[in-house]
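Visitor: sequence unknown, structure follows:
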C-alpha cells in the first residue's frame, strides 16, 4: 500500500477510536451525574435519629399500679358512670364516714391488698367535712376517688345476692316446742396461728378440734353437731323452734331472738367449724326440685316445711356450721358487720375480705327485683364494704344488706343477679397516673432466637455520670446483639436413578 494510503487509513482508525472513547466517557459522566443526583435527592433531607440512651440495670423495682388477683378493671370518667348523678350521695357519705371512724382508729401496718392503706387520706378528709346537701357529698367522692369498672377476669359483670337480720321467736331454756340449740363457740375449737380465746377468728381455712395438749383433728360437721356431739356443755345461748330458722340465721350471720317475757337478744357471727359453705338452694336446683329461675329463700323454706325428712338431709349437705356470740345492741340498732361498725340498710355490703379493704366504696348499677319477684327496679347506688361472708368470693361479688325483719328477708331472698360494679379508688392510687411511671423494657429477641444465640454476660457495674462522686454503681445495658446471618446452602442434587420398567404382557 502506498504511504499516503497508509497514513489516511491510520488517521481514519484513530478518529474512529477517539469518537468511541468520547462517547463512552460522555455516557460514564452522565451516569455518574445521575447517580449523584439520585443519592442527593434521597439522602440530603434524611432525618437524624437520636441515639438511644443506655438503660440502667437493674430496672427500678416499682410496684404495679393496681392489682387484684383474678380481676379485670377499666378506668372511667365520672360522666360515663350510668346513674351516678341520680343517687343519694349524702346517705352514702354518712355510711362511708362510719367506716372511716374505724379506719382512722387503726394503728400498725396496712393490709397487703389492692388498696392497702390508701383509704386513710380520704378518711382524714371526711373527719372534718360535714356536707350539708347531696351536691357537696357528691363533690367529696368525685374529688377524692376515681371510678374503676371491675369484674372477674373474662366476665363482663359482677354478681349480687342479698342478706338481712332475721327476727326469730325463741326461749332461754329448752322446752318441747323450743328444742333447737343456738351454740356459742366451743372451747376446744382451734385455728392455727390464733389463740382459742381470740375475739376474731378467720371465716376461711381449716379449723381443728383439740384433743389433749397436742392432737388436732377436723372439727365436727353439721350432721355431727345436730346429732348432739357438743350438747350438754353449757354452750347454748338460746333455743329455737325450727332448725330451718337456725340454718338461715347462720347463713345471714346475725339474728334477733325475742323471748316470751318480752326480752330480746342480738346475736352476731363468731366462728365456724372449718367446712366450706354449700348453698342448699343450688342442691335443690341440681336435683331438679326447684327450677333455677324460681329459686328464692322463700321457696327453700316452703320446700323444707313440706318435707321434714328431706330438709334434714338437705341441711347436712352444707357441712359448715356457724357459732354465735351475744352483742350488746338495742332493737333500734342495726347488726354489726365484720368491720366492727353497725350496718346501714341499703348502703352496706359484704365483700371478699381476702381481696378488698373494709370501707371501700362500690357503685353498683343494674336492675333488681325490689318491688316484686318479677319487677326490674333500676338500682344505682353507692355502697360501702363493711362486712364479709364465707360464700362471698371474687373481686366483683357482693351481698347487699337490707335490714332486719320479714320484709327485708323477702327482698334479700329474691336477689341472685348480675350487676355492674365500679370500685372507687382513692386518687393517691389512681392506676392511670401510677402506670405512667412504670418503665418500658428494652426490646428482646424472640424466645427461639434467644435459645439459638445466647446473650453475652451482663456488663460489669460502672459508675454513671449522674452518680459520680457517690457510692452508687449502675450497670449499663448493652444493645441486644443481632444473630449472624445464616449461610446459604445450595441443595445437592442426587443422581437420578434409572427405574426398571416391567414389560406388559401381550
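Guide: Looks like it arrived, so ask away. Keep in mind that this is a model prediction, so the values were computed, not measured.
Visitor: Only C-alpha atoms from now on, for both contacts and neighbour counts.
Guide: Will do.
Visitor: and the residue nearest to residue 207 when sequence neighbours are not counted, what are its phi and psi?
Guide: Nearest in space to residue 207, with sequence neighbours left out and distances taken as CA to CA, 6 or more residues apart in numbering, is residue 274 at 4.5 Å. Backbone torsions of residue 274, given as degrees, to the nearest 10, read phi 100, psi 0.
Visitor: Then residue 361?
Guide: Per degrees, to the nearest 10, the backbone of residue 361 is at phi -80, psi 140.
Visitor: That one: neighbour count?
Guide: Using other CA atoms under 10 Å, residue 361 is surrounded by 28 other residues.
Visitor: and it, how far is that from residue 348?
Guide: 9 Å (CA to CA, to the nearest Å).
Visitor: Need the residues touching each of these two.
Guide: Counting by CA atoms under 8 Å, 6 or more residues apart in numbering, the residues touching both residue 361 and residue 348 are 383-385.
Visitor: So the residue nearest to residue 207 versus residue 103, what's the distance?
Guide: In terms of CA to CA, residue 274 sits 29 Å off from residue 103.
Visitor: Between those two, point out the one with more neighbours.
Guide: Set side by side, residue 274 and residue 103 show more neighbours around residue 274, with 24 against 19, by other CA under 10 Å.
Visitor: what about residue 181, which SS state?
Guide: Assigned with DSSP: H, G, I helix; E, B strand; the rest coil, residue 181 falls in the strand class.
Visitor: I misspoke; the intended subject was residue 356.
Guide: coil.
Visitor: Pull the number of nearby residues for the residue nearest to it when sequence neighbours are not counted.
Guide: In this structure, residue 356 finds its nearest non-sequential neighbour in residue 113, 6.6 Å apart by CA to CA, 6+ apart. Residue 113 has 16 neighbours, counted by other CA under 10 Å.
Visitor: now residue 116
Guide: 14.
Visitor: cool, and residue 127?
Guide: 12.
Visitor: Please report how far residue 290 lies from residue 299.
Guide: From residue 290 to residue 299 the distance is 8 Å (CA to CA).
Visitor: quick one: which of these two has more around it?
Guide: A count of neighbours by other CA under 10 Å puts residue 290 above the other of residue 290 and residue 299, at 18 against 15.
Visitor: Now that one: closest residue in space that isn't a chain neighbour?
Guide: residue 284 (5.8 Å).
Visitor: That neighbour reaches residue 294, doesn't it?
Guide: No: counting by CA atoms under 8 Å, residue 294 is not a contact partner of residue 284; they are 11.1 Å apart.
Visitor: Between the two, which is the more surrounded one?
Guide: residue 284 (17 against 10).
Visitor: Distance of the most centrally placed residue in the chain relative to residue 280?
Guide: Nearest to the geometric centre of the chain sits residue 71, at 3.2 Å (CA atoms, centre = their mean). Note on residue 71: its distance to residue 280, by CA to CA, is 28 Å.
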